[in-house]
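Asker: fold the following, please.
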Amino acid sequence: MITIPHPSLALNSIDFDPAFHYALQYEETIYLSHSVRAIVTIILVCANNSADRLNVVINSHGLPGEIYLGEGIVDCQWAALEPELMRLRGRINTLYLCCCKVASGPVGAAFCQRLADLIDANVIASEMYQRSTGWDHEFLSNRTPRDMIDDFEGMTWRFRPNLPRVQFSFVPVTVSYEGRLAPMTCSAIAGS
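Answerer: Numbers count the residues shown, from 1 in each chain. Model prediction:
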């Protein structure tokens, strides 16, 4: 588990069962009818209610260089996306892409780097398929604990605005049956 600090927003795809939606300070279910503009507006409303930069989790399907959220919004068609994404510049601290393979290969890496540069924020994304931990069976709860997301599977990167990417690493959190959390820290280690 990875703890997401406040202020935080989870954008959960309608494609996922609500049992697998993340619960953060703010959370929104994104329907297939949501446009890029609508999603950016949701982020801005939450950011405007926060003193610090927002930590945003996108919980959706993905492929290398593609995020399937709302209208299937984010892919490498930057000309159409840039004006909307630029509205987020300086409003997000870290964007966690909980999407399968979004950072995979040259296309995925270039996509994540361009996204980090456009919004001037860290982007955390994996090269591998992502899976659920099955918290509903193990802990008799149908959600990942509040203010947490599941660990990333496989090679995971922190894409930094206008800087080379680094490998993202974390110390796992131990969650008891009572839901008490042990300390957790995130750190970047040198990567290619």
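Asker: by mean pLDDT, point me to the weakest helix or strand of the protein.
Answerer: Within the chain, judged by mean pLDDT, DSSP states H and E, the helix or strand with the poorest mean is strand 186-189; its value is a mean of 26.
Asker: quick check: longest helix of the protein.
Answerer: Scanning the chain for the longest helix, with DSSP state H as the assignment, gives helix 105-119.
Asker: and the contacts of that helix?
Answerer: Contacting residues not belonging to helix 105-119 are listed as 64-66, 74-76, 78, 82, 85-86, 88-89, 91-92, 95, 97, 101-103, 122-123, 125, 127, 157, 159-162, 165 [CB atoms under 8 Å, 6 or more residues apart in numbering]. Every C-beta, even on glycine, is put in place using the N, C-alpha and C of the backbone.
Asker: show me where this protein has strands.
Answerer: 2-3, 8-13, 26-30, 54-59, 61-63, 66-68, 92-98, 122-126, 148-149, 156-159, 166-170, 186-189 (DSSP state E).
Asker: so what touches the second one?
Answerer: Put plainly, it is strand 8-13. Counting contacts by CB under 8 Å, 6+ apart, the residues outside strand 8-13 that touch it are 18, 21-30, 39, 42-43, 46, 54-61, 68-69, 147.
Asker: returning to what we had before: I'd like the strands of the chain laid out as a markdown table, including mean neighbour count and distance to Ala110.
Answerer: Putting the strands of the chain into a markdown table (neighbours: other CB atoms under 10 Å; distance: least, CB to CB, whole Å) gives the following:
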| stretch | mean neighbour count | distance to Ala110 |
| --- | --- | --- |
| strand 2-3 | 18 | 25 |
| strand 8-13 | 24 | 22 |
| strand 26-30 | 18 | 24 |
| strand 54-59 | 25 | 18 |
| strand 61-63 | 20 | 14 |
| strand 66-68 | 22 | 12 |
| strand 92-98 | 22 | 14 |
| strand 122-126 | 26 | 12 |
| strand 148-149 | 22 | 24 |
| strand 156-159 | 23 | 10 |
| strand 166-170 | 17 | 16 |
| strand 186-189 | 13 | 20 |
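Asker: Val57 contacts Tyr22, correct?
Answerer: Yes: with contact defined as CB atoms under 8 Å, Val57 reaches Tyr22; the gap is 5.5 Å.
Asker: low-confidence ranges in the chain?
Answerer: 72-77, 131-143, 170-192 (pLDDT under 70).
Asker: and the residue nearest the centre of it?
Answerer: Tyr96 (2.3 Å; CA atoms, centre = their mean).
Asker: that one and Pro5 touch, don't they?
Answerer: No: under the criterion of CB under 8 Å, Tyr96 is not in contact with Pro5, lying 11.3 Å apart.
Asker: fine by me, thanks again.
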